[in-house]
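*Asks:* Below is the sequence, then the predicted model.
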Amino acid sequence: MNQNYNGLSIAALMLGIFGLLTMCCGGSIVLGSLAIILAWLSRGTSLNGQAKTALGIGCIGLIGGIFMVTSVLLEAAGSPEFWGTIEDYMHYYSDMYNNEYDDDSGNPYDDILRYFEQNDPLPDSPDGGMDL
């Protein structure tokens, strides 16, 4: 085993293990990628045992993390509770600023722009700020 690359292979192995432990919250995407990169950097002329293990664990963590994040996003996008929460938030927003919420608006920023067009500028803005 080449001593010059031993530190990188240990770091890659540790990142791969931490990536597996954080797979449920998406941390394995970053940590698994770093483990793969460090494993390849530690190879020298050939991969040692630690680097091969880190490469395998990093690949499993990366693929598992992508799968977990994708499945959570797809589940949230298909959930009526998620869209109900978004709809409730938009109605709360429109009630808070006394604006009508446009359900058919293609651009969610139209409500914000309409609010600032109908009301005076903010007190600390350059258009209507107060002089001290």
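*Replies:* In hand now; what should we look at? This one's a predicted model, so the numbers in the text were calculated from it and none came from an experiment.
*Asks:* can you give me the strands in the protein?
*Replies:* Using DSSP state E, no strands are found in the chain.
*Asks:* all helices of it, in order?
*Replies:* Under the criterion DSSP state H, helices of the chain are mapped to 6-21, 27-41, 49-77, 80-96, 110-118.
*Asks:* Select from those the stretch with the lowest mean pLDDT.
*Replies:* Lowest mean pLDDT of these: helix 110-118, a mean of 67.
*Asks:* since we're on Phe82, how many residues are nearby?
*Replies:* Neighbour count for Phe82, taken as other Cβ atoms under 10 Å: 12. (Each C-beta comes from the backbone N, C-alpha and C, glycine too.)
*Asks:* With Cys24 instead?
*Replies:* Residues near Cys24, counting by other Cβ under 10 Å, number 12.
*Asks:* For the nearest residue to it once chain neighbours are set aside, give me its contacts.
*Replies:* With Cβ to Cβ, 6 or more residues apart in numbering as the criterion, Cys24 has its nearest non-adjacent residue at 6.3 Å, and that residue is Met68. Counting by Cβ atoms under 8 Å, 6 or more residues apart in numbering, Met68 makes contact with 23-24, 26, 28.
*Asks:* How about Val30, nearest residue that isn't a chain neighbour?
*Replies:* Leaving out its chain neighbours, the residue that sits closest to Val30 by Cβ to Cβ, 6+ apart is Gly19, at 7.8 Å.
*Asks:* any idea how the chain splits into domains?
*Replies:* With automatic domain parsing as the criterion, the domains of the chain are listed as 6-77, 80-118.
*Asks:* Which stretch among these is buried most, on average?
*Replies:* domain 6-77 (a mean of 18; mean count of other Cβ atoms under 10 Å).
*Asks:* Quick check: the closest residue in space to Leu13 that isn't next to it in sequence vs Leu74, distance?
*Replies:* Nearest non-adjacent residue to Leu13, counting by Cβ to Cβ, 6+ apart: Ala54, 4.2 Å away. Distance, Ala54 to Leu74, by Cβ to Cβ, to the nearest Å: 30 Å.
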